[in-house]
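In: Sequence plus predicted model, see below.
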Amino acid sequence: MKTGYFVYILECADGSLYTGYTTNIEERVKTHNSGKGAKYTKGRLPVKLVYSEQFADKSSALSREWHIKHKMTRKDKLELIKHAPV
């Protein structure tokens, strides 16, 4: 079980990408797939974990999440996913 501070990217059933933060990846993906995760993913089920990155502290993880969500294009995100293990 992966626990700590994580940023993750999910691929939704419609091919869109969702980025989030969690302290437990497995549970968070289960929550998303149960329809109780985020409003965005609720109508795009099922979701699949395609990227995760671990951080030493919450602040760093939230900063990275913000950067991915607001500064990276879809193309950038796909490159990130392509070159990093889940």
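Out: It's in.
In: can you give me the strands in this structure?
Out: Applying DSSP state E to the chain gives strands spanning 3-12, 17-24, 47-55.
In: angle of the first one against strand 47-55?
Out: On the basis of axes from the mean of the first three to the mean of the last three C-alpha atoms, to 10 degrees, strand 3-12 is oriented at 150 degrees to strand 47-55.
In: ok, strand 3-12: who's next to it in the sheet?
Out: Strand partners for strand 3-12, identified by DSSP bridges, are recorded as strand 17-24 (antiparallel), strand 47-55 (antiparallel).
In: Could you check the angle the longest helix belonging to the chain makes with strand 3-12?
Out: Taking DSSP state H as the assignment, the helix of the chain that covers the most residues is helix 58-71. Helix 58-71 and strand 3-12 are oriented at 20 degrees to each other (the same axes, to 10 degrees).
In: Pull out the buried residues from helix 58-71.
Out: In terms of neighbour count (16 or more other C-beta atoms under 10 Å), helix 58-71 has its buried residues at A61, R64, E65, I68, K69. Heads up, the C-betas are built off the backbone N, CA and C, glycines and all.
In: same deal with stretch 14-30?
Out: Here stretch 14-30 shows L17, Y18, T19, G20, Y21, T22, I25, R28, V29 as buried, counting by 16+ other C-beta under 10 Å.
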